[in-house]
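Coordinates only, no sequence provided:
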């Protein structure tokens, strides 16, 4: 029954579903994803503890590696593609990312402004005494 | 109602005759597997938005240690590396179990899910040990705003993993008792999405909280 359905809608894919390919090919996809993710993780941990690179670049490198690893997870584990059947998933993801960046970036921006422009908390406490 | 039926019964409902590529064929609603998967995908994105609020709170409060310990004095990167590898491997075995479910192989499905379960439990054990160590050293969630934010963010991820393991055990039992029915297949698909999404959130956690936080 469900086989018939998947035959009929061969081009339509649910999120996380893969297009085509045998079991070996699919396992190979997961192995590739695991290898890339492990490589990126190892690089992150190495960069965090090393003295070999210019120190102020380390936070940026860690963030970039994290975003790269999330991309690897999305492509190899969640099977997000650029195919036409994946447009809805990608659009939803893009909207989600917009909200995420607004929330995180907005919070950091506003709080940094407040820290800079407001009377420090210990002085406020003294004024109240 | 009658109007829509009529409109769909029409071979060219958008009056696009003459444009061959625009000829839309209406096959009715998408199959349930796609509707369910897309709905769950939206839920996962809302979950990620919720996590982003915890991340924003943590990033704002990370320096508010109230004279207490900083992250660089508390975090054990070796343990975090082991946790990361455990969760990554569990994501991999979860993917293998998903393939086994697609080819209706009960044995490999149960093996993959059991491996995922063991790896997830090992991750939770390490995280519980870390939390217990911190509380024993007087660095519990009540010590400073930084530690409150840390425990809420990492603890929320831990709660998600715990819920995922309960879901995983339910799926193993359902496949054991009922086999690979279509509805159970959809649940397995949603579980795999959930588990992979947790791994993505953990990537952000270990990068932002532990690796950036371990810098003095």
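Looks like it came in fine. Keep in mind it's a predicted model, so treat the numbers as computed, not measured.

ok, the helix or strand containing residue A:109 near chain B or not?
Assigned by DSSP states H and E, residue A:109 falls within helix A:87-117. Yes - Helix A:87-117 lies within reach of chain B by CB under 8 Å from any CB of the partner chain, at A:88-89, A:92-93, A:95-96, A:99-100, A:103-104, A:106-108, A:111. No exception for glycine: its C-beta is placed from N, CA and C like everyone else's.

What mean pLDDT does the next helix or strand after that helix get?
Using DSSP H and E, the helix or strand that follows helix A:87-117 in sequence is helix A:121-128. Mean per-residue pLDDT for helix A:121-128: 80.

what's the answer for stretch B:191-205, then?
The average of the pLDDT scores along stretch B:191-205 is 96.

can you list the residues that contact it?
A:15-16, A:41, A:66, A:69-70, A:73-74, A:77-78, B:37, B:40-41, B:44, B:47-48, B:51, B:55, B:83-84, B:87-88, B:90-91, B:94-95, B:97-98, B:116, B:153-154, B:157, B:160-161, B:164, B:167-168, B:171 (CB atoms under 8 Å, 6 or more residues apart in numbering or on different chains).

Recalculate using a threshold of 6 Å.
Stretch B:191-205 is touched from outside by A:16, A:66, A:69-70, A:73, A:77-78, B:40, B:44, B:51, B:87, B:91, B:94, B:98, B:157, B:160-161, B:164, B:167, B:171, with contacts defined as CB atoms under 6 Å, 6 or more residues apart in numbering or on different chains.

Of the residues you listed, which qualify as buried by neighbour count?
Buried by 16 or more other CB atoms under 10 Å in any protein chain shown: A:16, A:66, A:69-70, A:73, A:77-78, B:40, B:44, B:51, B:87, B:91, B:94, B:98, B:157, B:160-161, B:164, B:171, out of the contacts of stretch B:191-205.

Next up, identify which helix or strand the residue in chain A that chain B sits nearest to is on.
Here the residue of chain A nearest chain B is residue A:14; by CB to the nearest CB that distance is 3.0 Å. Assigned by DSSP H and E, residue A:14 belongs to neither a helix nor a strand.

check contacts around residue B:83.
With contact taken as CB under 6 Å, 6+ apart, residue B:83 is in contact with B:123, B:126.

one more time with 7 Å, if that's ok
Residues in contact with residue B:83, defined by CB atoms under 7 Å, 6 or more residues apart in numbering or on different chains, are B:123, B:126, B:127.

and the last one, how far is that from chain A?
Distance of residue B:127 to chain A, given as CB to the nearest CB, to the nearest Å: 17 Å.
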